[in-house]
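J.: Below is the structure, and that's it, no one-letter string:
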């Protein structure tokens with residue numbers, strides 16, 4: 001997905017939110033904004049939006065000297081999601097359709113995205129879970145079921161901390177011996193890394209690898225050779241979140257995107273209303 005004009009204001013908002021989260025130093029806030037404005041004026045709009053996301057957060061790390069500005073937030077939401085895990089798992093196990101319920105849980109986890117909304121709290125997460133349980137899907141959930149049943153090699157592209165626990169709930173309903181879960185290669189926004197996979201029990205459930213990149217999405221040419229080989233070998237790819245959709249929506253693979261349309265650009269691109277819960281196949 002290419003960067004649109006509507007993405008530019010979001011870059012500025014995300015940069016200021018992240019800078020304020022990292023430091024109270026207004027001089028750094030100004031330097032971040034000026035740097036992002038200058039970069040946005042020159043960026044190649046044929047690139048996907050996560051390329052600018054990478055630049056924004058590299059700039060903030062350089063100016064602040066803080067390697068992982070979202071570390072406390074990531075830890076807090078991992079702990080919160082793990083607190084919810086037993087009740088959510090029981091809800092899946094006692095439902096009339098455990099796979100459908102688990103997919104809904106996984107999509108609900110998309111709400112924990114500090115790149116889109118810096119004001120996420122527990123109340124919003126609870127409301128999103130309940131909304132996901134009753135909403136009408138946009139997309140291809142029945143085709144996803146069939147693909148899961150026939151797949152021999154499933155690559156599951158993770159997204160954010162906290163959300164990774166919601167992913168675990170879905171993966172537990174899949175043939176786990178066929179699943180490889182993917183995290184980012186280094187910290188970026190509140191995206192999950194290998195540390196988070198260990199802390200949330202994902203490494204005890206399935207094979208976990210990182211993609212060798214700190215872009216908040218999956219730009220294949222920027223990923224490691226090992227990840228690209230796994231990507232090529234997979235006959236089913238489940239991709240979570242907006243960043244993975246923005247970077248892989250034109251990829252000619254059997255990819256299913258699980259996300260909530262949180263911005264008008266994505267909803268327009270998908271042909272659905274903003275806020276829709278999406279299970280959409282790429283090809």
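T.: Happy to help now that I have it. The shown structure was predicted, so the numbers you read here are calculated from the model rather than taken from an experiment. Numbers count the residues shown, from 1 in each chain.
J.: residues contacting residue 219?
T.: By Cβ atoms under 8 Å, 6 or more residues apart in numbering, the contact list for residue 219 reads 48, 50, 51, 213, 247. Just so you know, the C-beta spots here come from the backbone N, C-alpha and C atoms, and that holds for glycine as well.
J.: where do the helices sit along the protein?
T.: Ranges of helices in the chain, per DSSP state H, are 7-22, 26-42, 50-64, 71-93, 98-108, 122-134, 141-150, 163-171, 194-199, 202-205, 225-233, 241-248, 264-270.
J.: Which of those sits closest to residue 187?
T.: The closest of those to residue 187 is helix 71-93. By Cβ to Cβ, the value is 7.4 Å.
J.: Could you list every helix and strand in contact with the closest one?
T.: Counting contacts by 3 or more Cβ pairs under 8 Å, 6 or more residues apart in numbering; DSSP states H and E, helix 71-93 is packed against helix 98-108, helix 122-134, helix 163-171, helix 194-199.
J.: change it to 6 Å
T.: helix 98-108, helix 163-171 (3 or more Cβ pairs under 6 Å, 6 or more residues apart in numbering; DSSP states H and E).
J.: got the contact list for the longest one?
T.: When contacts are defined by Cβ atoms under 6 Å, 6 or more residues apart in numbering, helix 98-108 is touched by residues 88, 92, 95, 128-129, 132-133, 166-167, 169-170, 173, 258, 277.
J.: Just the buried residues out of those, in PyMOL syntax.
T.: Paste this into PyMOL to select the buried members of the contacts of helix 98-108, with burial taken from 16 or more other Cβ atoms under 10 Å:
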select buried, resi 88+92+128+129+132+166+167+169+170+173+258+277
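J.: Can you tell me how far the residue lying closest to residue 186 once chain neighbours are set aside is from residue 2?
T.: Closest residue to residue 186 apart from its sequence neighbours, by Cβ to Cβ, 6 or more residues apart in numbering: residue 214 at 4.0 Å. Residue 214 sits 21 Å away from residue 2, going by Cβ to Cβ, to the nearest Å.
J.: Who has more neighbours out of these two?
T.: Shown here are residue 214 and residue 2; by other Cβ atoms under 10 Å, residue 214 has more neighbours (20 against 14).
J.: Tell me who's in contact with that one.
T.: Counting by Cβ under 6 Å, 6+ apart, residue 214 makes contact with 184, 185, 186, 188.
J.: top of those residues by neighbour count?
T.: Going by other Cβ under 10 Å, residue 184 tops those with 26 neighbours.
J.: Quick check: phi and psi on it?
T.: phi -70, psi 160 (degrees, to the nearest 10).
J.: Go ahead and confirm it touches residue 193.
T.: Yes: judged on Cβ atoms under 6 Å, residue 184 makes contact with residue 193 at a distance of 5.4 Å.
J.: Please point out which parts of stretch 96-103 sit buried.
T.: Buried residues in stretch 96-103 (16+ other Cβ under 10 Å): 98, 99, 100, 101, 102, 103.
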